[in-house]
Each structure stands twice: as C-alpha cells, then as structure tokens.
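**Q** Here is a sequence together with a model predicted from it:
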Number of protein chains: 6
Amino acid sequence: MVRIDKRSNTDLRPVKITRKYLKYPLGSVLIEMGETKVICTVSMEEKVPPFLKGTNQGWLTAEYGMLPGSTPERKVRDVVKGAINGRSQEIQRLIGRSLRAVVDFSKLGERTIWIDADVIQADGGTRTAAITGAFVALYDALEKLKREGIIKEIPIREFVAAVSVGIVDGEILLDLSANEDMRAEVDMNVVMTESGKFVEIQGTAEKTPFTHEQLQHMLNLAKQGIMRLIEIQKKTLGLL
Amino acid sequence: MVRIDKRSNTDLRPVKITRKYLKYPLGSVLIEMGETKVICTVSMEEKVPPFLKGTNQGWLTAEYGMLPGSTPERKVRDVVKGAINGRSQEIQRLIGRSLRAVVDFSKLGERTIWIDADVIQADGGTRTAAITGAFVALYDALEKLKREGIIKEIPIREFVAAVSVGIVDGEILLDLSANEDMRAEVDMNVVMTESGKFVEIQGTAEKTPFTHEQLQHMLNLAKQGIMRLIEIQKKTLGLL
Amino acid sequence: MVRIDKRSNTDLRPVKITRKYLKYPLGSVLIEMGETKVICTVSMEEKVPPFLKGTNQGWLTAEYGMLPGSTPERKVRDVVKGAINGRSQEIQRLIGRSLRAVVDFSKLGERTIWIDADVIQADGGTRTAAITGAFVALYDALEKLKREGIIKEIPIREFVAAVSVGIVDGEILLDLSANEDMRAEVDMNVVMTESGKFVEIQGTAEKTPFTHEQLQHMLNLAKQGIMRLIEIQKKTLGLL
Amino acid sequence: MVRIDKRSNTDLRPVKITRKYLKYPLGSVLIEMGETKVICTVSMEEKVPPFLKGTNQGWLTAEYGMLPGSTPERKVRDVVKGAINGRSQEIQRLIGRSLRAVVDFSKLGERTIWIDADVIQADGGTRTAAITGAFVALYDALEKLKREGIIKEIPIREFVAAVSVGIVDGEILLDLSANEDMRAEVDMNVVMTESGKFVEIQGTAEKTPFTHEQLQHMLNLAKQGIMRLIEIQKKTLGLL
Amino acid sequence: MVRIDKRSNTDLRPVKITRKYLKYPLGSVLIEMGETKVICTVSMEEKVPPFLKGTNQGWLTAEYGMLPGSTPERKVRDVVKGAINGRSQEIQRLIGRSLRAVVDFSKLGERTIWIDADVIQADGGTRTAAITGAFVALYDALEKLKREGIIKEIPIREFVAAVSVGIVDGEILLDLSANEDMRAEVDMNVVMTESGKFVEIQGTAEKTPFTHEQLQHMLNLAKQGIMRLIEIQKKTLGLL
Amino acid sequence: MVRIDKRSNTDLRPVKITRKYLKYPLGSVLIEMGETKVICTVSMEEKVPPFLKGTNQGWLTAEYGMLPGSTPERKVRDVVKGAINGRSQEIQRLIGRSLRAVVDFSKLGERTIWIDADVIQADGGTRTAAITGAFVALYDALEKLKREGIIKEIPIREFVAAVSVGIVDGEILLDLSANEDMRAEVDMNVVMTESGKFVEIQGTAEKTPFTHEQLQHMLNLAKQGIMRLIEIQKKTLGLL
C-alpha cells in the first residue's frame, strides 16, 4: 500500500504552527497538519465553576466547532440543528481533559481558561491537531500572563501533544488523513506527555476488533509521532 | 487499601442480569453490577438511516439516560436543560459502536435496532454495565426475530462485554464503584469480545498521566473481568 | 363484557408498592398496578421558588417521564424532540397539585420537595399510579426528615390516592388498563383524600358527552377504589 | 361577600362576541367576558395527522397563547423562554378536546381545522371564554365551507360552551374573575353541550379538598351559566 | 396604475390610533393603517441591562410578534418552530432603535421600557405602523410616570413616526399595502423625527437595483407621509 | 480628527482577497479589510426551496457566524446560547438579498447556492466585507460550474460590493473600523452595483438623527468606496 500523499506508514504529515494568528485572544495559533487546518484560541475569565469556588484553583474548558465549508459536504451549523452534535461534544471534552492533565491549577489562581478549536479545513485528525495546537496557544497565553505579572510562573508541568494511529487495509499507519480514516478498521487517538506518559487513549474498532499485538504496535508508533510533535511545538515556541 | 465492599482489587461486583424485564420491547434486561442498575431495552424499526438505503444492510443505534433519582444529588432531566449532556452523548455513542462491532448487519436486512440504556441507580460503571446488559437483551431480541422467521440466523459474530479498570491511590482496581471512580487517578473502560480482541479502549488520566506498564496491567485485569462477564452472559442466556 | 384480565367492572388491578426501591433518594417506591410500573422518588432542596421566599413556607413540585421501552411502540425521548410533551406536562402538574393539597407547608420550612415519577412500563393509569405511589415515597421521606430532627412532625394532613374510572362500551369500569382506555368513551381521573374529599376531578369525553347520572356512578366507583388504595398505602407503610 | 363588580354569586359577567373580527381566517371572533378578551380564529388545512390518513375523517387541533400585555405583569413570550409553558399546553389540549366532542368528523372529509385562541386581556376564565368563543368562530367557518360547497352540511352535533365555577371564601361563585380565581379554594372548569351533557370537568382543590355536596352545587351552577352562554352564542349567530 | 383601494400614489391609508386599548400595561394603543392592525403596549421594569448599571441611564427594548390568524395563510407560532424568525428579529431591533433615538435616557433613571408590538392583522407596513403606534403608547406611558411623580418630565426629545415607500410597476408609492409590497421592485422603510431628520433608512432592491433619483423621490414622499402621521399622533394625544 | 490608522476620511482600509482559500467548497475566499478577516465559502445543492419548485429558477441563501476568538471579549457560540442572535440573522439576510440582486436565477436552474461568511477577526465592517468577498467566491464558483458544463454562462448581471460609511464626531468617514463604529452617531451600510445602482441602504442613527445633506454626503462617499472595491474584485479575478 502506498499512501495518497506518498508518506511512509510512519510519517507525520507536514506540520505548521503559526503563533499569534489572531489579534484579540490571549493566545492563538493556526495549526496545519497536511490539509487539516484548525484555529486554536485561548481566552481567560476571572472566575471558576461553582465546584471550585474558594479553592484557589483554576480551571480549563474547551469548545470545538467546524466551519460549514470545512468538509467535502457543506456542514450544517450546530445552531441551525439546535444542538452541539455528539461528536463535537466528545472532542471538546477530550481537548479539555488533555490540557487539564498538564496544567498546575494551584498556580493559576481562581481563573478559567477557555480553549476554542475551530476547524476551517478538515482532512482527518482534527481533534489531535486541536490538542497539539491548543497547547502552543496555551503556552503563549500563560507566558503573557506571566509577563504581565498576573501569575508568577507558567503553570505547565510538561508538554503534551496528540496524534492518531490506525489500521487500514491491515497496515498500521501514523497520522491518518480523512481518506485513510474512512477506510480504517481501527482508529486510535493517543495523547501523551513529553515524559512518555499517557494522558488519553481512545481506540475504536468499528469494523474489526483488534489484538493485543496490534495495540502495542499502534501505541509505539503513536509515541514516535508525539515525540516529533513536541519537538515541533518547542521549536515553534523558540524553546529549542 | 481495602475496598469499601471488601472486594479484592481483581474482583467484579456481584452481577445479576434479569431477562425479559419489560413486556413491550423486543428484548429487555435489568442488569445489576453491585448497586449499579440499568434497564436495557431493544426495539426495531423497519428502516435504516439514509446512508444505508438500498444496501441491504442494517444498523444499530443507542441512547442512554439517567433517571433523576439515580444519583446522590437529584439529576436534572436533560429535557429541562434543553439538551442531552455531553457525557450522555459520549456514552450512547460508545454503546452503539461496541454492539455494532459484533453484529453482522448483512444478515439483518434493512432494519435499525434501537438500544436504550436507562440508569435507575448509578454507582459507577454504568456505561460498561449498559454494554454488557444490552448485549444480552440484543441476543434475546435477535433470537425472537429468528423464531418468528424474520431473520434466518442470529447475526452476531461473537459475544461482547465491557468493564472498567482504574488506578486508585496507586493501586490497579477492577470494576470501580462510584466512590472509587471519583478518587481515581486513571479511569479506563475496555470493551472486548470473547476471542479476546479489543472493540474499544478509553483510558483517561485527568489527574496523573500513566505509564506503559500501568496500561498493560490494566488491560490484563480488564480482560479477566470481561471473560467472567461473558460467562455470566452465556449462563443467563442458558447457553452454558 | 368481560375484562381482558377477568376482573369485574369494580375491581382494581393487583397493587404492589415496594418501598425504599432506590438507595439515594430521600424516599422511593416502585408501584405496580397490574402491568403498569412507575418508579416514584422524592428528593429535597433547601430553597423555595421566589414567590415563597421569606414566608417560612415550603413547596412541592413534580416531574413525570416515560422510558423509551415503557410503551408498545418505542417512545422517542423528550430531549430528542426538544421539549416535554403536552401530556407529560399536564400529568406532572396534576401530580404536584394532588400532593400539595395534603401537605401542610407551614410545617416544612423553606424547603422544596421534588417528586419524580418515571414510568418503566405503561399499561394505563400511569398518572394515578404515580400519585398513589408518590404519596408513599413522600411519607417515607418526611418520616426520615422527622427522624433526623429536620422537621418536628410529618406535615401531612391526610392520605391521598388516585384512580381512573371510565365508560367503555357503555359500561362503567374502575382502574382502566391501556386497552380499555383506548376504547373508552369517557375517561376520568379522580384524586381523593381519606376523608372522602375531592382533590381533583378530571373527566373527559372525547367521543361521547356523558350525563349527570353517569358522572355520579363514576364518582362513587372511584371513591371505592381510592379507599382500597389508601388501605394498601397504610399497610405498606406498616400503619395498619 | 359582595363581588368586586357587584354581580350576584350566580351571575355571568357581561358577554360580547364580535363575529368576523379579522379578515383572513375562515372564522374569527373577539369574545369578551367582562375584562377578559380573547381572539379566536379558525383556519383549515387540506390534510390530517398520520393516524387519520385514508380514514376519510377530519381532525381539529387548538393552540392558545397570551400577548405580553395581557396580564398585570408583562408576560414573557413563550418563544423567548424556549417552550410553550405547561399551563398553555393544558389549555390548548382542553380547547381541542372540547370542540372535537361536538364535531362529526366523518362529514368534514380529510381536513384539519386549526383553532387559535390568543388572549389580549386576561381577567380570569380565559380558557372557558376561548372555548365559548371558538365555537362561534368554528360555526361561522363551517357555514362558509358549506356555502362554498366544500362540505354538504355543517358537521356539528350540538352546541358547546364552557364556564368556570369555584369556591371563594366558602361561597360558590359562577364565572370567576382573576381576583376571585386567585383567592379560590376550589376552581372548576366545566364544558357542556346544549343537551346538558358533560364534555369535560376539571375541578381542582389546591388549598382545601371539597365535598360531594359542594361538587353538586358547583355543577348545577355551571350548567345554568353554560345554558345562558349557549343562548348568547345562538343569538350572535342569528339562530335565535 | 390605480391602487386597489383607489388611493393616489401619495396617499396614506386611513389611520386610526385607539389609546388605552388594554387595561394592564402602562401604555397601550391599537393602531390601524388601512387593514393593518397592531397592538402596541408599553411596560416598565426597575432595572437596566448590565452594560448600563450604575450609569443612571435608562433603556428601551422592543419585541414584535404576529398572531397565527394575522396573515392570509395561518402563521405557525414562533414557539412551535422553536425560535423567533429572522424577519421578526430584524423588526423588533428596528422598533427598539427607532424609539431609543428620541428618548432622553438620562431623564428616565435606571429603568427599562419594554415595547411589545403584536400584529393582529397584517396588510403591509406592520413595522412602520408599530413604530408610529408604539410612540403614542410610549408617550402615554411616560406621561403617566410623570403624573405619578416617578419622573420629572417626559423624556422625549421629539416625535417620531415611520412609513414605507416603494417602487411598484415603475411607480413610486407611499404606504404600501401587502399586495403592493409583494409586487414591489424596491421596498423602503423610513423613520423620521418631526424636525425632518432621519432615524433610519432601510431600502432594499430584491428584484431591480434603484437609481439615485428614485431614492430622492422616495425619501421626499416618505417625508410627506411621516409629517402627516406625526400630526395624527399629536391629535390623538390631544396636543393639537 | 485623525483616524487611528492614519487614513484620511475618504480612504478604504487595505483590502486583500485570497481566492481558493479552502479546498472543499465550490468557491472560497479570505477577505481582509484592515484587521477584519472573513472566510467566505460557496456551496451548491441540487434543489430549491418549496416556493420555487417547478419554476426552473434557482435560489441563493446565506449564513453568517463569528468565531469565539474573533472579538475582543470571547464571543459565546450561538449554539451554546441556543439560537442565532438577532444581529447575525439580520446580517445573513442582508448578505443573501445583496447577492440575489445580481444573480440571474433563470440561468442557474433549480439549484440553491449557499453562501457562508464566517468572521475570524472582527474590526468593523464584517457584513460589508462579507458581501464584497462572497461575491468573488460566488463568481469563482459559478465559473467552475460553467467550466464543468453544468451551466452555460455565468448568471451574474453585474458586480456588487458593499461598504460602510458613518458620522463620527461630526465627520463623515468611509469604511469604519470597530473603534470608529462604536463612537459613531450614524452608521450606514451601502450595497451597490458596478452601474452605480443601490441594492441596499441601511442607515441608522442610534444617537443623533441625521439630515438630508448628511445623507447625500454619505451616499456619495459610499459610492466612491464601492467603485474602488469593485475594481479590486475584478483585479483579484484577473478580469482587469
């Protein structure tokens, strides 16, 4: 099997992260992974959800959306249908959990960070691109808060990034494009920190259940991809 | 650490599956795993979603709800809030995927199976109980269709069941109760077939990322639990 | 005419009320009237609606729902349709009014009691079963509050129960099953206290208007049924 | 007790029904009962709900609303709150049932009649005024259909009207105004045909349950009121 | 071309404004422009939107609706569709802006005025009739507040009224009826004060773009119509 | 007065239109007017609204949205609030009308064109930028349809563009930025064709009504701006 874009099975697509993409948010990036393009923005609110009041702890929450023109068939707006669709809800909950896992909220104070990930072009892996990109926007936003003296240090424990792996026509592939994703027997999203620990594993076999061996293989490949992504995040932030 | 209900770390809670629990649905069970109680019902519609029309393939979809009295704090009804909450959406999508993975839709004809899982008492593990219980109700429903001559054979490839595992106070536990779930550093749901293949893995570290070794340990423990659950399913159905 | 289940025209269906059916709510019962099965739960909130603030009076409100598998045709969830349907709204308002009529709110303090009635199997008379069952759950809940010293006495003036009567094929029947209800010319729900006073009468002739004589006959029959139900409530509560 | 507007306990308020109040609907009236003012309109659709397709039977359905300026406190629009409130739903279902009880749908053909009752000023008894007024608009609409040759005869079996009765400060009153309604111990709405048969009885004791004797007294008084209203309907229609 | 109702191209339809049309609101009128009939009511709330808190400034907001029987085809209620339709939203925003332009909010105090315009019969020009009528109801309401000593003077800078103009079959017409509006190449609504200044111009060419000369002609004609409407407003209020 | 960005009162901000901005839609551009950035996409559906069925005429409809990060304060998503807000509805109706005015639908066939305008950064004039940009995307889309032989000619009668003008601190300005817009006494949006005809004029004086002379001045300035924008559209499309 040869992948449409000539990548080898273990290649990421070209990754480009443009910082300070928009002028108003505290942090913002445009992340492009191949043809997948996601705008990630970060804003802050000086309050926390009720369950955190008085704890001196902060919070982070995420929302995810897709523009009507981001998909091959025009996507009907959620507000027209009357509700956020289930898939978007799952994704925004995943993004929130993934970033919360590396933020030290005791150093943020009673503030809520809002992450918005809006897909302007979807070619597979939008949720993992959103996590990888949103982390960079979050880092920028927190650094700005530090520069302004609002917080004393950047309350991030370690870097985090995400990638998809999957089994397509029996082969294990890294970073699936939409075309590969649609044909995949198994689809797995992995979120991992720079120390190699798992934040989230979501593996799904809609067509064919997978074996323990296939799982191991996919997890290893995901790890390689994530380590490369974290390197790119660091370069983008001027830390390497 | 001793678990509240004196179980060892590798014990399931007592499991009870009551078949033919309600009189109208094609299939229905009450599944109890410890104090968690879920009504699972199966109904059928003589049509399929648009993307399957004319393919001679069936479909299966699931919905999940919780009664207001099912939780320690009264749960506000979704309809009062105006929308299915994100967590319920995730769960019902998971239930649907898990059961679809073992049904041979080419043998069902253009019919849609509706799974409803309604939690009447929630003490942790409602989504995995729903999958394990709904499978039995589904089997009963399909057997009835076969008896009535609507389908020629029961279109199920193999049994499927689900269980949670997690890390609580550093220890790896099987089948978490609500109390354990709330304290968990890592929470993982595993859906597996009787041949030991994975249908779904969802592992989440909201507090502390987990290592590859911990992951292996959890997956092994989940497998043991699921094999016991499939045995219970078979006994309940009179197949053992 | 012989009734499907061989009852005489003046018989109730078998009634069974299971107390403490769920572990979390303040009070909970499963009431079964023939094949009709309703879970009734009671919870409490330490606040009242705005119009009662500062009056030292309590309040009681009710909600009613039906599980998808409770009816012969799968019932679409309210939240999927986007609103509580009109029939459910009528019923939950009726349940609330019926129970409020026997509670002495000046002895409850500024607290709101929530009644939830969720039908798991519907074979006619779900609203009257909900009232009869919810009263028992309410009594249990209030007794618990008294035991815990939160209130000084059980603020209930007298017992209340409800039953349906109707005219089917020209004959006056007590406690209609779904099959009888569908064929009924007149359908009437009566809510009455143990002293024989009316709390609510709702009589409807969708097909054929009814005479004053028929009305009297129906009210007498309803009274007999309700007196038997109140006896069952008292026995269930260990008061007889 | 003397009533605010000097009526005796058994008096109706002044009733005025203006026919052909609006130019577009098939039938329309403005009904005024004292200060209560309701616009009732009738329109028709050349189709029936799914359950009547192919039966050659017609249908009738009703909707009820209140203008923001119709009440002492500005009433928030239903659409702003996001849903028809429970009370409006109950009322529109009542109006529909009441009128359906006197229409011979086998003579209407497969058509649906829409009744709209919109309150422009509310001073008690809006639902009963809506029924009494809507009947006149319905009669006008059906007569027009007959004149146009769409139906052969006016498919109405007998006249129908409605009135409220209640117990206020222990006295039984006819046709309660808003002020009386708010103070009422018992509130009852009665819908009756010209032959003296009941179409609907809805009696509610939110504060004090009522006796069988009080019920009889109220029903007699309601009957007197309704007979007078039917006379007014006939005079308005030029039939007396 | 002769207009259906024999008016010349520069004639208004007959205008009738009935003050104190309803008993509860602070101000209320029924305005009739030909067959167009709109109930305009004014109420007041002792609070302002968040952005005005502490400024000692008032606010004014408007809502607009149409009764189901107001149009040739029965209009489905907004609440049934689930949302205020776009056209109604535009109109209520226009009404609000138009009246805000002539109110001196620094003399109102921190109060919000609610304008409700409800169309009971629609024959073109409902939004302009609503503005013209609502101004009279507003004047009445403010005068009442002054009489009651709540405000010291009527905080209105100058009178305001509105009218439509348009191009139909190439001719420029004043005050279009529904029939003319439907055939119009250009439709323009003008809101103007008594000193001849524009508050709002909304001109739309859905079929044929219009020239600068046509625009001037339409604006002149609108001015004439508005000056006549302001005279009628003043006569209605007894100020002329 | 000197404008923040040093422009003279009659200058447009720098305009940049990037064609083929996204890969899936039939047409797409990113239009930038100063700091305002809007993605405009065009898609097509092979059906028309019911009122056009069988007429062999096409249709065009538009939707408008803003990303959460597009404004200084994070903008809550419409779907979270539960409805498209009034301002967005007005704007999308304006965009639709403006483009429909120059399309010859008899040459499109029974097809619906969907325009989506999504603001990624808002610094004033988003609606006029959306119209100007969407026209270019529409032209591209129609040219593609022609190339593919689906239509015989590009069914556009003439070019159309839009710009805002306004009065700020008494001075008449072209193409207001957000800062100017907030301080404006009068705000006007003008949509005009290349032959100098008006498609839409929307002038609003929330603070101070404006005179006839000011109106003329604003219209002249708008015309100059629009002529420059149409030149830019043509250059972007390679037609100049």
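**A** Structure received.

**Q** Ramachandran angles for the residue in chain A positioned nearest to chain D?
**A** Closest contact between chain A and chain D, by Cβ to the nearest Cβ, is at A:G82 (10.5 Å). In short, each C-beta sits where N, CA and C put it, glycine included. Dihedral pair for A:G82: phi 100, psi 0, per degrees, to the nearest 10.

**Q** Kindly report the same for A:E200.
**A** Torsion angles, degrees, to the nearest 10, at A:E200: phi -160, psi 140.

**Q** coming back round to it: wait, doesn't the residue of chain A closest to chain D sit right on F:V80?
**A** No - the pair A:G82 / F:V80 is not scored as a contact, 11.9 Å apart, by Cβ atoms under 8 Å.

**Q** how many other residues sit next to the residue of chain A closest to chain D?
**A** 14 (other Cβ atoms under 10 Å in any protein chain shown).

**Q** and it, what does it touch?
**A** C:G82, E:G82, F:V79, F:G82 (Cβ atoms under 8 Å, 6 or more residues apart in numbering or on different chains).

**Q** Check A:L52 too.
**A** A:G58, A:W59, A:E110 are the contacts of A:L52 under Cβ under 8 Å, 6+ apart.

**Q** now do 10 Å
**A** A:G58, A:W59, A:F105, A:E110, A:T112 (Cβ atoms under 10 Å, 6 or more residues apart in numbering or on different chains).

**Q** cool, A:Q214 as well?
**A** Applying Cβ under 10 Å, 6+ apart, the residues near A:Q214 are A:I167, A:G170, A:I172, A:E185, A:V186, A:M188, A:G203, A:A205, A:T208, B:K197, B:F198.

**Q** Likewise for A:M192?
**A** With Cβ under 10 Å, 6+ apart, A:M192 has these contacts: A:98, A:159-163, A:198-201, A:219, A:222-223, A:225-227, A:229-230, B:209.

**Q** was I right about A:G27 contacting A:M44?
**A** Yes - with contact taken as Cβ atoms under 10 Å, A:G27 and A:M44 are classed as touching, separated by 9.4 Å.

**Q** rewinding a little: which members of the contacts of A:M192 are classed as buried?
**A** Buried members of these, counted by 16 or more other Cβ atoms under 10 Å in any protein chain shown: A:98, A:159-163, A:198-201, A:219, A:222-223, A:225-226, A:229-230, B:209.

**Q** which of those residues are close to chain F?
**A** With Cβ under 10 Å from any Cβ of the partner chain as the criterion, the buried ones among the contacts of A:M192 include none near chain F.

**Q** Low-confidence ranges, chain A, go.
**A** Scanning chain A for pLDDT under 70 picks out A:1.

**Q** Of all the helix elements in it, which one is longest?
**A** If you go by DSSP state H, chain A has its longest helix at helix A:212-236.

**Q** now that helix against helix B:212-236, angle please.
**A** Helix A:212-236 runs at 140 degrees relative to helix B:212-236, counting by axes from the mean of the first three to the mean of the last three Cα atoms, to 10 degrees.

**Q** ok so, going back, what residues are shared contacts of A:G27 and A:M44?
**A** Common contact partners of A:G27 and A:M44 (Cβ under 10 Å, 6+ apart): A:I113, A:A141, A:L142, A:K144, A:L145.

**Q** how near is the first one to chain B?
**A** When you say that, I think you mean A:I113. Using Cβ to the nearest Cβ, to the nearest Å, one gets 15 Å for the distance from A:I113 to chain B.

**Q** quick one: that residue from A:I154, how far?
**A** 12 Å (Cβ to Cβ, to the nearest Å).

**Q** Of the two, give the one with the bigger neighbour count.
**A** The residue with more neighbours, out of A:I113 and A:I154, is A:I113; 25 against 17, by other Cβ under 10 Å.

**Q** burial count for the closest residue in space to the more buried one that isn't next to it in sequence?
**A** Spatial nearest neighbour of A:I113, excluding adjacent residues (Cβ to Cβ, 6 or more residues apart in numbering or on different chains): A:L60 at 4.3 Å. Look at A:L60: counted by other Cβ under 10 Å, it has 24 neighbours.

**Q** Just after the host helix or strand of A:L60, pick out the following helix or strand.
**A** In the assignment (DSSP states H and E), A:L60 maps to strand A:59-66. Note on strand A:59-66: by DSSP H and E, the next helix or strand toward the C-terminus is helix A:78-81.

**Q** does that next one come close to chain E?
**A** Yes - judged by Cβ under 10 Å from any Cβ, helix A:78-81 comes into contact with chain E at A:V79, A:V80.

**Q** For the residue nearest the centre of chain A, what are phi and psi?
**A** The centroid of chain A falls nearest to A:I131 when counting by Cα atoms, centre = their mean (1.4 Å). For A:I131, the backbone dihedrals (degrees, to the nearest 10) come out as phi -70, psi -50.

**Q** For chain A, what lies in contact range of chain E?
**A** Counting by Cβ under 10 Å from any Cβ, chain A sits next to chain E at A:V79, A:V80, A:G82.

**Q** 8 Å instead, please
**A** A:G82 (Cβ under 8 Å from any Cβ of the partner chain).

**Q** What segments of chain A are strands?
**A** A:15-19, A:27-33, A:36-45, A:59-66, A:112-121, A:160-168, A:171-174, A:186-193, A:198-204 (DSSP state E).

**Q** what would those strands look like in CSV with distance to D:P68?
**A** Listed next are those as CSV, based on distance: least, Cβ to Cβ, whole Å:
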stretch, distance to D:P68
strand A:15-19, 50
strand A:27-33, 43
strand A:36-45, 34
strand A:59-66, 34
strand A:112-121, 35
strand A:160-168, 50
strand A:171-174, 60
strand A:186-193, 50
strand A:198-204, 49
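
**Q** Those strands: which one's closest to E:L215?
**A** Checking the strands of chain A against E:L215 by Cβ to Cβ gives strand A:112-121 as the closest, at 39.3 Å.

**Q** Kindly export the closest one (C-alpha atoms) in CSV.
**A** Output in CSV follows, covering the C-alpha atoms of strand A:112-121 (Å, rounded to 0.1, in the frame of the first residue of the first chain):
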residue,chain,number,x,y,z
THR,A,112,-10.9,29.8,33.9
ILE,A,113,-9.0,29.3,30.7
TRP,A,114,-11.2,28.9,27.6
ILE,A,115,-9.8,26.9,24.7
ASP,A,116,-11.6,27.2,21.3
ALA,A,117,-10.6,25.0,18.5
ASP,A,118,-12.4,25.8,15.2
VAL,A,119,-11.7,23.7,12.2
ILE,A,120,-11.5,25.6,9.0
GLN,A,121,-10.5,22.6,6.9
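
**Q** Give the partner strands of that strand in its sheet and their orientations.
**A** Partners of strand A:112-121 in the sheet, by DSSP bridges, are strand A:36-45 (antiparallel), strand A:59-66 (parallel).

**Q** So which of the ones you listed is the most surrounded?
**A** strand A:36-45 (a mean of 25; mean count of other Cβ atoms under 10 Å in any protein chain shown).

**Q** Fine, thanks again, bye for now.
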